[in-house]
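Colleague: give the three-dimensional model of this entry:
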Amino acid sequence: MHQTPEDRPIYRLLTGRDDRAFCDRVSEALAQGWRLYGSPSMTYDAGMDCIKVAQAVVWHEAQVIKQA
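Modeller: Here you go, the predicted structure:
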């Protein structure tokens, strides 16, 4: 098993408002050694009146196979 920061799982789904704070979280993950996995997703949250985004990341050493 590959050692990740803070002993996190090798797959993470980062979510939040579409704002600088979210971009900073993704950038921080990339700087720590995570890599993007798939495309980001966006949706409108009517209750919060904002755009929500999600981006999956995997640990750089993980052997991940994408299923179609």
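Colleague: what is the helix or strand that contains Asp24 packed up against?
Modeller: Asp24 belongs to helix 20-32 when assigned by DSSP states H and E. When contacts are defined as 3 or more Cβ pairs under 8 Å, 6 or more residues apart in numbering; DSSP states H and E, helix 20-32 packs onto strand 11-17, strand 50-59. From N, CA and C alone the C-beta is placed, and that goes for glycine too.
Colleague: you'd agree Tyr37 is up against Tyr11?
Modeller: Yes. At 7.1 Å, Tyr37 counts as touching Tyr11 under the criterion of Cβ atoms under 8 Å.
Colleague: which of those two has more neighbours?
Modeller: Set Tyr37 next to Tyr11 and count neighbours by other Cβ atoms under 10 Å: Tyr37 wins out with 17 against 14.
Colleague: which element, helix or strand, includes that one?
Modeller: Here Tyr37 sits within strand 34-45, counting by DSSP H and E.
Colleague: can you say which of the helices and strands packed on helix 20-32 is packed in most?
Modeller: Sort the helices and strands packed on helix 20-32 by mean neighbour count, taking mean count of other Cβ atoms under 10 Å, and strand 50-59 sits at the top with a mean of 18.
Colleague: contacting residues around the helix holding Asp24?
Modeller: Pro5, Arg12, Leu14, Gly16, Leu36, Val53, Gln55, Val57 (Cβ atoms under 8 Å, 6 or more residues apart in numbering).
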